[in-house]
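> structure for this input, please:
(one chain, ligands or ions: 1)
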Amino acid sequence: MPSCSNTAFRVAGTLFLALIFVLTALSASAQDGGVRLKTVVIDAGHGGHDPGAISKSSKLSEKQINLDLALRLGARIEKEFPDVKVVYTRKTDKFVELAERGNIANRNHADLFISIHVNSAKSTAASGTETFVMGTDKSQSNMEVCKRENSVILLEDNYTTTYEGFDPDNPESYIIFNLMQNAHFEQSIAFASLVQEQFVKNGPIKKSRGVRQAPLMVLWRTTMPSVLVEVGFLSNSSDRTVMNQSANRQKIADDLFRAFSAFKKGYDSGVSATVAPAPEPEKPKVDTPAAGPHFEIQILASSKKLKDGSSELKGEKQYSCRFINGMYKYSVGNFATKEEANRRLPEVRKKFPGAFVIAVD
Ligand SMILES: [Zn+2]
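Sure thing, here's the model as predicted:
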């Protein structure tokens, strides 16, 4: 497959990935009159009469862990970034409606929304961390998480009107999410990738299930980069033991803090370094041998062309590159159906945790 022509370009490391993704935030931030990540909303999932997942012994509930992590993360951001406004959807053990959590973020014009959760599965063998961004992937493992996290609305008094008749247990109901447009998709993926990288690097739960896309109600209507982090499985004895210790919860909060810090650094420097991206002399171009509609797996996006063999491409030689909306988007594979692409996706994500399937006309 031909690749994009070369431009000298060498910046290593994941910080750069965050930076290039957030360049797409330029216009939004500039309109805001500011150039920095100023407000973060930290959402401790569940609360009050909604315990979330509970351990077998019922001694440990998800809502407690979520709140503890949210407060630890917020405290560290407040301490090390006094200019950043930290907004919590809850600071105590109280019930907050799912829609209201996103509304809080929107009302505060947040630049980032982090929803913190603990996973649970029927299989006690399931373990590890995963970070979700809003998407329409309804694979079986995603739906297990979605049904559980979205069914919280059933505990709300007016859920049928608030959520337009959405039924978390009915797969057909999920069609409403197909209509969404997520302007912050790539930034969400960038932050989610930073989170997973921290988990893998520093633990305490190092097993990663990757960055995933799923129709999660709490992320649906947020108007900023948004993720839902599942920090481990309460249904798995080893994850549970880890999360039960406060020193480990501090480590998890520290991982989230480092991801935040890296994202903010990219966000801030991207905005201040390049208020307007340099105009590209070339016409948008497509280098791809594939004819007709098909599917590929996008592995990364960059504001600049990457050189063949550049470290960001991680040794990938067979890729397509397209210049779309000011970004060079790199993808691999050529699949006739979305299912085929999805089957290949886990393999690609071992190298590119933020990879996702795209439709190509
Ligand atoms: Zn949850």
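
> so whichever residue of the stretch 101-250 of the chain sits closest to the ion: helix, strand or coil?
Closest contact between the stretch 101-250 of the chain and the ion, by C-beta to the ion, is at residue 117 (3.5 Å). (Each C-beta comes from the backbone N, C-alpha and C, glycine too.) Residue 117 falls in the strand class when you classify it by DSSP: H, G, I helix; E, B strand; the rest coil.

> counting contacts, what elements does the longest helix seen in the chain pack onto?
Counting residues, the longest helix found in the chain (DSSP state H) is helix 246-273. Packing partners of helix 246-273 (3 or more C-beta pairs under 8 Å, 6 or more residues apart in numbering; DSSP states H and E): helix 14-22, helix 26-31, helix 62-80, strand 112-119, helix 185-202, strand 226-233, helix 237-243.

> count the neighbours of residue 238 for me.
A count of nearby residues for residue 238, using other C-beta atoms under 10 Å, gives 14.

> make that residue 218, sorry
Here the number of neighbours of residue 218 (other C-beta under 10 Å) works out to 26.

> so how far is residue 235 from residue 71?
Separation of residue 71 from residue 235 (C-beta to C-beta, to the nearest Å): 24 Å.

> ok, residue 189 next?
Separation of residue 189 from residue 235 (C-beta to C-beta) stands at 27 Å.

> who's more crowded, the two?
Per other C-beta under 10 Å, whichever of residue 189 and residue 235 has more neighbours is residue 189, with 26 against 21.

> which ones are touching the more buried one?
Under the criterion of C-beta atoms under 8 Å, 6 or more residues apart in numbering, the neighbours of residue 189 are 21, 133, 211, 354, 356.

> quick one: pLDDT of the fourth one?
If you check residue 354, the pLDDT there is 73.

> surely it meets residue 300?
Yes. In this structure, residue 354 is within contact of residue 300 by C-beta atoms under 8 Å, at 7.2 Å.

> shouldn't residue 167 be within a helix?
No. Counting by three-state DSSP, residue 167 falls outside a helix, being coil.

> what residues does the residue nearest to it when sequence neighbours are not counted make contact with?
Distances taken as C-beta to C-beta, 6 or more residues apart in numbering place residue 173 nearest to residue 167, at 4.4 Å, with adjacent residues excluded. Neighbour list for residue 173: 165-167 [criterion: C-beta under 8 Å, 6+ apart].

> buried subset of those, written for ChimeraX?
Filtering the contacts of residue 173 down to the buried ones (16 or more other C-beta atoms under 10 Å) takes a single ChimeraX command:
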select :166,167
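
> which one of the contacts of residue 173 sits closest to residue 44?
Taking C-beta to C-beta as the measure, residue 44 lies nearest residue 166 of the contacts of residue 173, at 22.8 Å.

> leaving out sequence neighbours, find the closest residue to that closest one.
The shortest distance from residue 166 to any non-neighbouring residue, by C-beta to C-beta, 6+ apart, is to residue 173 (5.3 Å).

> residue 85 touches residue 41, doesn't it?
No. Between residue 85 and residue 41 there is no contact under C-beta under 8 Å: 9.3 Å.

> overlap in contacts of the two?
Taking C-beta under 8 Å, 6+ apart as the criterion, residue 85 and residue 41 both touch residue 108.

> between these two, which has more neighbouring residues?
In this view residue 85 and residue 41 are compared by other C-beta under 10 Å, and residue 41 has more residues nearby, 27 against 16.

> so that one lies in a helix, does it not?
No. Read with three-state DSSP, residue 41 is strand and lies in no helix.

> which ones are touching residue 254?
Contacts of residue 254 (C-beta under 8 Å, 6+ apart): 76, 202.

> and it, how far from residue 210?
From residue 254 across to residue 210, the span is 21 Å (C-beta to C-beta).

> is residue 240 in contact with residue 233, as I believe?
Yes. Taking contacts as C-beta under 8 Å, residue 240 lies within contact range of residue 233: 7.4 Å.

> does residue 204 touch residue 244 like I think?
No. Residue 204 is beyond contact range of residue 244, at 11.2 Å (criterion: C-beta under 8 Å).

> ok and the longest helix of the chain relative to strand 112-119, angle-wise?
Here helix 246-273 runs at an angle of 150 degrees relative to strand 112-119 (axes from the mean of the first three to the mean of the last three C-alpha atoms, to 10 degrees).

> any idea how far helix 246-273 is from the middle of the chain?
Distance, stretch centre to chain centre, for helix 246-273: 13 Å (C-alpha atoms, centre = their mean, to the nearest Å).

> tell me the buried residues in stretch 190-206?
190-200, 204-205.

> just flag the most distant two among those residues.
Distance extremes for these: the farthest pair is 190 and 204 at 23.8 Å, using C-beta to C-beta.

> one step back: out of the helices and strands packed on helix 246-273, which comes closest to residue 323?
With C-beta to C-beta as the criterion, residue 323 lies closest to helix 14-22 of the helices and strands packed on helix 246-273, at 13.6 Å.

> which stretches of the stretch 101-250 of the chain have low pLDDT?
Regions of the stretch 101-250 of the chain meeting the criterion pLDDT under 70 cover residues 178-182.

> thank you, goodbye.
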